[in-house]
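Here is a sequence with its predicted model. Questions after.
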Amino acid sequence: MKKLFAEFFGTYWLVFGGCGSAVFAAGYPDLGIGFAGVALAFGLTVLTMAYAVGHISGGHFNPAVSFGLWAGGRFPAKDLIPYIISQCIGAIAAAGTLYTIASGKAGFVIDNTKAGAFASNGFGAFSPDGYSLQSAFIAEFVLTLFFLLIILGATDKFANGKFAGVAIGLGLTLIHLISIPITNTSVNPARSLSQAVFAGGEPLSQVWLFWVAPILGAVVAGFIYKSLLQNHAEA
């Protein structure tokens, strides 16, 4: 249960900090943090929670990461569903907190006819810069693949584990710097689901892509690392 609570709180913080920065601070008049600030916020959430609770649960905070670690031989299949449920509950709870806070401002409304509504992900007309379904799928697949390669490499028994959280957090920052204009950046099915639940409409109907592409990318990365990169002789 401690592992599941760690995943709940870690994913809660990721969504609250990352999506919260997008909802409240990205476009703030004159002093908005912009894309770069949101990208950094997502990276910082993972970095801080990796050190806070990573030693308890492994610090996944993301269903795709759990699948990727399973494919890489680092995580048992029997724990996949409990971890993913905890991650999704944590993400939705965080989105609910963001919604409650945002509702305290007069005139707040989620316009789910526009891209990025309530920090949701999307493609086509719901991509921040109008990228197609194909482009969104490729971006989410490739970026999640490399995110998992970073995670698997940084946490390898022969790597300098003390800095794993830094590498992973900066990796997620870079991913957001690349792809916020494409999909508003997911690489995390729980993060996508939580915002889409509150946005509703087309963002919710498109959330399937942000489960399929990241999980496929993560699984491929797990097999690549295990087969081509891991030092089996020493392991």
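Everything's here; your move.

Kindly list the main-chain dihedrals of the residue nearest the centre of the chain?
For the chain, N188 is the residue whose C-alpha lies nearest the centre (Cα atoms, centre = their mean; 3.3 Å). As for N188, its main-chain torsions (degrees, to the nearest 10) stand at phi -150, psi 100.

got the contact list for the closest residue in space to A139 that isn't next to it in sequence?
In space, and not counting its chain neighbours, A139 is closest to I182: 4.7 Å by Cβ to Cβ, 6 or more residues apart in numbering. All C-beta atoms are positioned from the backbone trio N, CA, C, and that covers glycine. I182 makes contacts with S127, P128, D129, Y131, S135, A136, A139, as judged by Cβ atoms under 8 Å, 6 or more residues apart in numbering.

All the helices of this structure, in order from the start?
Counting by DSSP state H, the chain has helices at residues 2-20, 34-57, 63-71, 80-102, 133-154, 164-183, 189-199, 201-205, 209-224.

Tell me the buried residues in the second one?
In other words, helix 34-57. 35, 38-50, 53-54, 57 (16 or more other Cβ atoms under 10 Å).

again, but for the first one
Applying a neighbour-count criterion of 16+ other Cβ under 10 Å, one finds 3-4, 6-20 buried in helix 2-20.

what's the neighbour count on Q195?
Burial measure for Q195: 31 neighbouring residues, criterion other Cβ atoms under 10 Å.

now swap in F147 and tell me
Around F147 there are 26 residues (other Cβ under 10 Å).

That one reaches V187, doesn't it?
Yes: assessed by Cβ atoms under 8 Å, F147 is found in contact with V187 at 5.6 Å.

shared neighbours, those two?
If you check F147 and V187 against Cβ under 8 Å, 6+ apart, the residues they both contact are A64, L172, I175, G217.

Point out where this structure drops to low pLDDT.
Where the chain drops to pLDDT under 70, the residues are 232-235.

at 90 what do you get?
The chain contains residues with pLDDT under 90 at 27-31, 157-162, 229-235.

any idea how far A91 is from the nearest residue to A136 once chain neighbours are set aside?
Distance criterion Cβ to Cβ, 6+ apart; nearest residue to A136, sequence neighbours excluded, is F123 at 3.7 Å. Here the criterion is Cβ to Cβ, to the nearest Å. By it, F123 lies 20 Å from A91.

and the two? which has more neighbours close in?
A91 (29 against 23).

residues contacting the more buried one?
Listed by Cβ under 8 Å, 6+ apart, the contact partners of A91 are T11, Y12, L14, V15, A190, R191, L193, S194.

if I look at S86, how far off is Y12?
Counting by Cβ to Cβ, the gap from S86 to Y12 is 10 Å.

Over to G18?
From G18 over to Y12 the distance is 11 Å, taken as Cβ to Cβ.

re the thing from before, near the nearest residue to the residue nearest to the centre of the chain once chain neighbours are set aside, how many other residues are there?
Once flanking residues are discounted, N188 sits nearest to N62: 4.4 Å by Cβ to Cβ, 6+ apart. For N62, the neighbour count with other Cβ under 10 Å is 32.

N62 is in contact with E7, isn't it?
No: at 9.2 Å, N62 does not count as touching E7 under the criterion of Cβ under 8 Å.

so what's L148 up against?
A64, V65, G68, L69, G72, G217, A218, A221, G222, Y225.

Also S120?
For S120, the contact set (Cβ under 8 Å, 6+ apart) comprises N112, F126, N184, S192, Q195, A196, A199, P203.

what's the spacing between the last one and A190?
Counting by Cβ to Cβ, the gap from P203 to A190 is 15 Å.

which one of those two has more residues nearby?
Legend: neighbour count by other Cβ under 10 Å for P203 and A190, higher for A190 (33 against 28).
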